[in-house]
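> What follows is a predicted structure for the sequence shown.
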Amino acid sequence: MQFFNYHHLRIFWAVAREGSLRAAAASLNLTQPTLSAQIHQLEDSLGHPLFLRAGRRLVLTEEGRLALSYAEEIFSLGQELQVALERRDAGVTRRLNVGVVDSLPKLIVRELLRPVFRLSSPFRVICQEGSLDELAEKLAQHRLDVLLADEALSGEKTRRMFNHQLGASEVVFCGVEKLAAPLRKGFPASLADAPMLLPTEAMPLRRGLEAWFREVGVQPRRVAEFDDMALMKDFAADGLGIVPVHLAAARPVTELYSLRRIGVAGGVRTNFYAISAERRLRNEAVVAITTQAQSRIFA
């Protein structure tokens, strides 16, 4: 394969994102014939067609989708390089924009981010909370550096973003001592009609727990459901029900909320991910997060 022209790759990237030569020509202030000619030169150098025509629109071929994923990463890195050099010249502390899916346990998020504050080159961390879809859109727009989630992105979004698994955690049921003590004996059958505080049905943990309840043949009494996992634990601390807690965060949770362990929901596991626009992680702070997760939190 011949060495290709990165200017041609940027033209291809713009056309792929806009979906048509006309729209890309307007955004780049170039003529459509110029764009078409340069894309053909790129296709010749790569040895594969990158687009197929579907009516007035251009549709990426399989090779085009692969090329786009690399182009996204290449130009994202170029933008990062420019920003990093500008900030270094200005002596500005670097920013780490982190998206946190709202169902993610905050004590785990705290442990994941802890090593960022110990790096020799300082970072200012900006955390934004929201749904996976909302935050994935911000990541695609390069408004986030990394997205921390308890489920992987799938489908079309994985063309532009990459799932990096941090690890997995089992789940343990906890409650105040007066609730926990009688439920330990005969667990998990003891959970039948036990007062239970649960995450809402949209959350991955809830779906896993409901499958486990069916598997072991118990039906607890569902007292309340929560989008906010911290609020759920506050209610558990008041003795209103027992609560599922990720084992990776069980020790600080039980200490903070004065809860006691009852038993592990065997087979229920939550996977945790760092999602980025990079196929291979290079951001120093994001690498620190993944190292902390894999060597300590989920080891």
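Done, it's in. Numbering: from 1, shown residues only.
> Quick check: pLDDT value at Glu18.
According to the prediction, Glu18 has pLDDT 85.
> Can you get me a residue count around it?
Look at Glu18: counted by other Cβ atoms under 10 Å, it has 17 neighbours. The C-beta positions use only the backbone N, C-alpha and C, and glycine is treated the same way.
> Kindly report the same for Glu255.
There are 9 residues near Glu255, going by other Cβ under 10 Å.
> got it, and Leu139?
22.
> Give me the buried positions along the helix or strand encompassing it.
Secondary structure from DSSP states H and E places Leu139 in helix 132-140. By neighbour count with 16 or more other Cβ atoms under 10 Å, helix 132-140 contains the buried residues Leu132, Leu135, Ala136, Leu139.
> Next: stretch 117-137.
Buried residues in stretch 117-137 (16+ other Cβ under 10 Å): Phe123, Glu129, Leu132, Leu135, Ala136.
> Likewise for stretch 74-85?
Buried residues in stretch 74-85 (16+ other Cβ under 10 Å): Phe75, Glu80.
> dump the residue contacts of Val172.
Pro244, Val245, His246, Leu247, Ala250, Arg261, Ile262, Gly263, Val264, Ala265 (Cβ atoms under 8 Å, 6 or more residues apart in numbering).
> Can I have the buried ones of those as a ChimeraX selection?
Buried residues among these (16+ other Cβ under 10 Å), as a ChimeraX selection:
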select :244,245,246,247,250,261,262,263,265
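> Nearest to Met203 among the contacts of Val172?
Distance ranking of the contacts of Val172 against Met203, using Cβ to Cβ, places Pro244 first at 10.5 Å.
> Which strand residues bridge Ala168?
Note on Ala168: beta-bridge partners by DSSP bridges are Asn271.
> so who does it touch?
Here Ala168 is in contact with Arg269, Thr270, Asn271, Phe272, Phe298 (Cβ under 8 Å, 6+ apart).
> how close does it get to Met161?
Distance from Ala168 to Met161, counting by Cβ to Cβ, to the nearest Å: 20 Å.
> Please apply the same query to Gln294.
20 Å.
> Could you dump the contacts of Val172 into a markdown table and include pLDDT, secondary structure and distance to Lys178?
Listed next are those as a markdown table, based on pLDDT from 0 to 100; DSSP: H, G, I helix; E, B strand; the rest coil; distance: Cβ to Cβ, whole Å:
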| residue | pLDDT | secondary structure | distance to Lys178 |
| --- | --- | --- | --- |
| Pro244 | 97 | strand | 19 |
| Val245 | 96 | strand | 18 |
| His246 | 95 | strand | 23 |
| Leu247 | 94 | helix | 23 |
| Ala250 | 94 | helix | 19 |
| Arg261 | 97 | strand | 14 |
| Ile262 | 98 | strand | 12 |
| Gly263 | 97 | strand | 17 |
| Val264 | 97 | strand | 21 |
| Ala265 | 96 | strand | 21 |
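> which residues are contacting the helix holding Leu139?
Outside helix 132-140, the residues that reach it (Cβ under 8 Å, 6+ apart) are 99-101, 128, 144, 146-147, 149, 151, 153, 157, 160-161, 275-277.
> quick one: least confident of those?
Lowest pLDDT of these: Lys157, 69.
> what's the least confident helix or strand in the chain by mean pLDDT packed up against?
Least confident helix or strand, the chain: helix 62-90 with a mean of 80, by mean pLDDT, DSSP states H and E. Packing partners of helix 62-90 (3 or more Cβ pairs under 8 Å, 6 or more residues apart in numbering; DSSP states H and E): helix 6-18.
> Which positions within the helix it packs on qualify as buried?
His8, Leu9, Arg10, Ile11, Phe12, Trp13, Ala14, Val15, Ala16, Glu18.
> and that helix, how far out from the chain's middle?
Here the centre of helix 6-18 is set off from its chain's centre by 27 Å, with Cα atoms, centre = their mean, to the nearest Å.
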